[in-house]
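Visitor: Can you look at this prediction? I've put the sequence above it.
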Amino acid sequence: MEQELELPSDVDSLQKMLRTLTRDYRQLQSKHDILQEQINLLLHKRFGANSEKYRAEQADMFNEAEAYAEESDETTAETATATSEVVAATENASAPIASAAQPGQTVPVKPGRKALPAALPRVEIIHDLPEAQRRCSAGHALKEIGTEVSEQLDIIPAKVQVLRHIRIKYACPCCQAEVKTAPLPPQPLPKSNASPGLLAYLITSKFLDALPFYRQSKQFQRIGVELSRGTLSLWAIRCGELIQALCNLMQEHLHQYPILQMDETTLQVLKEEGKAASSQSYLWVQRGGPPDQPVVLFHYAPTRSQAVADQLLQGYSGTLQTDGYAAYPTVCAKNGLRHAGCWAHARRKFDEALKAQGKAQPKAGKVSKALIMIQKLYRIETQIKYLSVDEKYRIRQQQAVPILHEIKAWLDISLTQVAPTSLTGKALGYLANQWSTLTVYCQDGRLDIDNNAVERAIRPFVIGRNNWLFADTIKGAKASANLYSLIETAKLNGLEPYRYLHHIFKELPKAQTLEDIESLLPWQVDREHINSGWKNG
């Protein structure tokens, strides 16, 4: 049986007890709200959708674990008005753009099946009626009046063949001493039996299609070819070393353009001196270069320290766009770089807070307000995507800057109303800490609103890492970084990766001069010639 609480008899003591209990209750409620947020977020990550898409209609479905003081009626009304405005705006922005119909034409409501690519070879299979059926019901002979054609997509499994290099030898019948043999063209991996085509296939399968070498080894085994996982790994390392000169030139090219994006992701290397096999290393990723000659570079490093960023940015001057990792502001200050932030990361903090709230009584809260205002900024970016640099700058100054002022004024008030340890408070804190960098994109039309371009470049590596899990050695990690760099840069420059790698592994061993190597860079090769290779089989 619970012991009954003894209450003091005088009013002053009762008031003091009430204040103490109220304070303790608020602290417990705050802890409860934060723990509930964490539970909701974990449940969402485990069972919910991963998309960060947000519709403004969601604004009145959620409540935050936020300030002890309620927002004023005026603030709530303002948020509701903003919600209704952005509902219409986002619905219009997200609606598909219909093709304009010419007079007398109709736009098909439901398009038919997409035609198979015209460049694919066609194998004709003729279907004819038997002789006995080429007569009508009256017995007259039928006359051919045309054909009816339908197409099916077919595939021939990978064809493996052996290239026999037969080198003709000559000797003088008179001297019977001097012998000349036709030379073998320079090979990508001397003394191995791997052709440029096989290497391109292996590298593309792992670093583009995320197929680990042990699975590739089993595939070859099924067709009677023994290629061990160790052999494939060794070949990949040698290929990564072969293209080092190209990667060096890509690094130089990257630093010639004054806009650069950076990010980093984890990589586990099993055999790393001084580190446990379970420890984390990193791939640092840079994306930049002129818009028509983009470059992505992956760089292996054992740590995420500021020293790595200093090394990668040596000799670079311009604007560096990153997420909120603490090392970057120091690096930018040290190297005299302008630092631009990432609105996608700021938005992601509020998105997590939204997912963590759980359903509650209808209320237009701070998280929804933040997402609505950020969504306005992104809607502007959608509208100006294909405009010139100067036009982007002008429209951002006219339309985005006033929204930024609105966000900043709202942020300053909200910081005083929200528990800083809640997810909403952390999102507001991140926004405040990064504010000076988040406004930089409006100062230069060449900048993106976020760092998503470099994150997209990282995504193929992350997908691959989920399959092959780790690198065995440092040499393997460095080779992987080079190969990812070349493949992702080739993709950005409109090249079909397998055909480009086939071309590189065939021509790079022949290169004698710097000009020879430069001619093999992704933006220097004949794109049409490279990409037409797959069409011609």
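Guide: Happy to help now that I have it. Numbers count the residues shown, from 1 in each chain.
Visitor: what about stretch 509-523, distance to the chain center?
Guide: 29 Å (CA atoms, centre = their mean, to the nearest Å).
Visitor: any idea which helix or strand carries the residue positioned nearest the centre of the chain?
Guide: What sits nearest the mean C-alpha location of the chain, by CA atoms, centre = their mean, is residue 456, with 1.4 Å. Secondary structure assigned from DSSP states H and E places residue 456 in helix 452-468.
Visitor: and stretch 526-533, which residues are buried?
Guide: Within stretch 526-533, the residues that qualify as buried are 527, 530-531, counting by 16 or more other CB atoms under 10 Å. Backbone N, C-alpha and C define where each C-beta goes, glycine included.
Visitor: could those residues be laid out in JSON lines, adding distance to residue 164?
Guide: Putting these into JSON lines (distance: CB to CB, whole Å) gives the following:
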{"residue": "527", "distance to residue 164": "32"}
{"residue": "530", "distance to residue 164": "26"}
{"residue": "531", "distance to residue 164": "29"}
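Visitor: Among these, which are located in helices?
Guide: Within these, residues falling in helices by DSSP state H are 527, 530-531.
Visitor: So for the helix holding residue 456, what gets flagged as buried?
Guide: Under 16+ other CB under 10 Å, the buried positions of helix 452-468 are 453-455, 457-458, 460-461, 464-465, 468.
Visitor: from memory residue 391 sits against residue 399, does it?
Guide: No - Residue 391 sits out of contact with residue 399 when judged by CB atoms under 8 Å, with a separation of 11.8 Å.
Visitor: and the two? which has more neighbours close in?
Guide: residue 399 (16 against 12; other CB atoms under 10 Å).
Visitor: dump the residue contacts of that one.
Guide: residue 380 (CB atoms under 8 Å, 6 or more residues apart in numbering).
Visitor: where does it sit relative to residue 144, distance-wise?
Guide: 65 Å (CB to CB, to the nearest Å).
Visitor: Out of the buried residues of stretch 526-533, which comes closest to residue 163?
Guide: residue 530 (20.8 Å; CB to CB).
Visitor: ok, the closest one touching residue 503?
Guide: Yes - if you go by CB under 8 Å, residue 530 and residue 503 touch, sitting 5.8 Å apart.
Visitor: before we move on, the earlier item: I'd like the ones in helices among the buried residues of stretch 526-533 laid out as CSV, including pLDDT.
Guide: Listed next are those as CSV, based on pLDDT from 0 to 100:
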residue, pLDDT
527, 91
530, 90
531, 86
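Visitor: C-terminal to the helix or strand of the chain with the lowest mean pLDDT, what's the next element?
Guide: Lowest by mean pLDDT, DSSP states H and E among the helices and strands of the chain is helix 73-94, with a mean of 40. Downstream of helix 73-94, the first helix or strand assigned by DSSP H and E is strand 169-171.
Visitor: Each with direction, which strands does that following strand pair with?
Guide: Sheet pairing of strand 169-171 (DSSP bridges) gives strand 179-181 (antiparallel).
Visitor: and the strand it pairs with, how far from the chain's centre?
Guide: Using CA atoms, centre = their mean, the offset of strand 179-181 from its chain centre is 54 Å.
Visitor: same thing with stretch 383-394?
Guide: 23 Å.
Visitor: What residues sit buried inside stretch 188-201?
Guide: 188-189, 194-196, 198-201.
Visitor: I'd say residue 490 and residue 499 touch.
Guide: No - with contacts counted by CB under 8 Å, residue 490 stays clear of residue 499, the gap being 9.3 Å.
Visitor: Spit out the residues that contact these two alike.
Guide: Common neighbours of residue 490 and residue 499 (CB under 8 Å, 6+ apart) do not exist.
Visitor: Who has more neighbours out of these two?
Guide: Neighbours were counted for residue 490 and for residue 499 using other CB under 10 Å; residue 490 has more, 26 against 20.
Visitor: Which strand or helix spans the more buried one?
Guide: Since the elements are taken from DSSP H and E, residue 490 ends up inside helix 474-492.
Visitor: That'll do, ta.
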